[in-house]
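Q: Let's see this in three dimensions:
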Amino acid sequence: MSLLYPLRIALFYFLLAFSAFAWCLVCLVCAPFMSFRMRYRFVVQNWCRCAVWLGRSLIGLRYQVQGTENIPTRPCVILAKHQSTWETFFLSAYFEPLTQVLKRELLRVPFFGWAMMLVRPIAIDRDNPKAALRQVAKQGHERLEQGAWVLIFPEGTRVPVGQQGKFSRSGAALAANAGLPVLPIAHNAGMFWPKAGWGKRPGTIQVCIGPAMHADSEAPRAVAELNQRAEDWINAQVQILEQQARNAS
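A: Numbering: from 1, shown residues only. The predicted structure is shown next:
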């Protein structure tokens, strides 16, 4: 790895922050006059593509996607592994329009939070899990009916490589109640963009889109079974992708 690599990481963060600030200012002026789909493309998709491009150009974070044939034609609930910030950028750019479940505090961030409010996120209070579940169920169903993908990180927060968080059933319940499948997504982004620290490692992030999974009914047992099936697939696939990355290094 080049001795200049830390400088490239610093430049990446500077340009990421600067572009976010500048883009949010533009969006706050222009986006309120757009339809939701156009607003999503303008506010989120364009900037997230820029973030992914900066990662690839400056710090060598390339990616490959497997399983694109598994993507349903109709938007549904996406359940994805959460290891880093990279997959937030990537998935927000890859699927559109997309609604993300995020912590309410992010909307209070000047400019960034204000711009995020324009694309109808599901902003939950993590300190009140029961209310958060009801909010995800209600607003998530509304977004699905409006033709948006709903992205949920069922572990709730970023989990370091080699560890597994407890999977919330909220995404599986939302999909079952809407009569739609969940789309599981695994990746190994945490091996190149760790949860802790500013360090990065160049390489090719593998993203694997799994088969759409349906619940047999809306019953709690069927929801639990669907959630477990998605969790098992994601965790098993993540282990495979991480091992492949270790073997290639």
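Q: the strands in the chain, which residues?
A: 61-66, 77-80, 98-103, 122-124, 149-152, 182-187, 203-209 (DSSP state E).
Q: Thr88 is nearest to which of those strands?
A: The closest of these to Thr88 is strand 98-103. By Cβ to Cβ, the value is 7.6 Å. C-beta: built from backbone N, CA, C; applies to glycine.
Q: As a quick check, tell me the outermost residue of the protein.
A: Leu3 (31.6 Å; Cα atoms, centre = their mean).
Q: got the contact list for that one?
A: Counting by Cβ atoms under 8 Å, 6 or more residues apart in numbering, Leu3 touches no other residue.
Q: Just the terminal-to-terminal distance for stretch 109-129.
A: This stretch, stretch 109-129, spans 22 Å end to end (Cα to Cα, to the nearest Å).
Q: Tell me the gap between it and the middle of its chain.
A: 14 Å (Cα atoms, centre = their mean, to the nearest Å).
Q: low pLDDT regions in the protein?
A: 1-2 (pLDDT under 70).
Q: What's the separation between the residue sitting nearest the centre point of it and Lys81?
A: Closest residue to the average C-alpha location of the chain: Thr88 at 3.7 Å, with Cα atoms, centre = their mean. Distance of Thr88 to Lys81, computed by Cβ to Cβ, to the nearest Å: 12 Å.
Q: Cys24 now?
A: Distance from Cys24 to Lys81, by Cβ to Cβ: 28 Å.
Q: With Leu11 instead?
A: 28 Å.
Q: Then Leu15?
A: 27 Å.
Q: Also Pro202?
A: 21 Å.
Q: So for these two, which residue has more residues nearby?
A: Lys81 (28 against 16; other Cβ atoms under 10 Å).
Q: Buried ones in stretch 71-83, by neighbour count?
A: For stretch 71-83, burial by neighbour count (16 or more other Cβ atoms under 10 Å) applies to 71, 75-83.
Q: Many thanks, we can stop here.
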